[in-house]
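Q: Mind folding the following:
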Amino acid sequence: MNHKIDMRKFLNTCVAIEKSIASIYRQFAATIPEDEELQAIWIKLAKEEDQHAMDISFAARLPHEGVYQVKNLTQSRVDQLLTITKDVLNKAKLTNLSAQAAANITLKLEQEFLDVHIAASVEFETASMQKMFQSISKNEEEHCREIKAYCDKIKQ
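A: Numbers count the residues shown, from 1 in each chain. Predicted structure coming up:
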């Protein structure tokens, strides 16, 4: 089933998500300092999420025809993801999470957004949009590997 999506609105929501994720990672790094390795990972991930936000923000400023037909992406899905990230950020600010719990949240977020970026790289017909979302997907895959390796290491 095809859906119509307003490209600029979709991209601006993605920018807000990336910025929210960066804020989550900065919050984790600031409030869970007992593990320097994990703190360094969060700082690195936050910087990379900031870069994703800048890349998507740039793409949002490019001319778009307005509405795109897509199969798997909906504005309501990205709106839902934005709500999730805002909720996680609020939880991170109000709750003393353990390093393990925060690492698990990080892994879950990265996996969730990897799926969206992969879908976006397939859905959009313009080569520049495909390349941008493919690049972000590869970066998210690396984030998942890095956090999973950390989680596996501390379980031992």
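
Q: what's Ala29 in contact with, if anything?
A: If a contact means C-beta atoms under 8 Å, 6 or more residues apart in numbering, then Ala29 has Gln39, Trp42, Ile43, Ala46 as its contacts. C-beta coordinates here come from the backbone N, C-alpha and C atoms, glycine included.

Q: can you map out the strands along the chain?
A: For the chain, applying DSSP state E gives strands covering 3-6, 67-70.

Q: rank those by mean pLDDT and give me the bottom one.
A: Between the strands of the chain, the one with the least mean pLDDT is strand 67-70; it has a mean of 56.

Q: For Met129, which non-adjacent residue is spatially closest?
A: Closest residue to Met129 apart from its sequence neighbours, by C-beta to C-beta, 6 or more residues apart in numbering: Ala59 at 6.6 Å.

Q: Against Gln130, how distant is the one you found?
A: Counting by C-beta to C-beta, to the nearest Å, the gap between Ala59 and Gln130 amounts to 11 Å.

Q: These two: which is more packed in?
A: When Ala59 and Gln130 are compared on other C-beta atoms under 10 Å, the one with more neighbours turns out to be Ala59, at 20 against 15.

Q: Isn't the more buried one up against Arg8?
A: No: here Ala59 lies out of contact with Arg8, judged by C-beta atoms under 8 Å, at a distance of 9.6 Å.

Q: Show me which helix runs longest in the protein.
A: Ordering each helix of the chain by length in residues (DSSP state H) puts helix 127-155 first.

Q: Buried residues in that one, which are they?
A: Residues of helix 127-155 classed as buried by neighbour count (16 or more other C-beta atoms under 10 Å): 129, 132-133, 136-137, 139-140, 143-144, 146-147, 150-151.

Q: all helices of this protein, in order?
A: Using DSSP H, the helices of the chain run over 7-31, 36-61, 75-94, 99-123, 127-155.

Q: Show me which helix or strand of this protein is least confident by mean pLDDT.
A: strand 67-70 (a mean of 56; mean pLDDT, DSSP states H and E).

Q: Lys86 touches Ser20, doesn't it?
A: Yes: the criterion here is C-beta under 8 Å, and Lys86 meets it with Ser20 at 5.9 Å.

Q: Thank you, goodbye.
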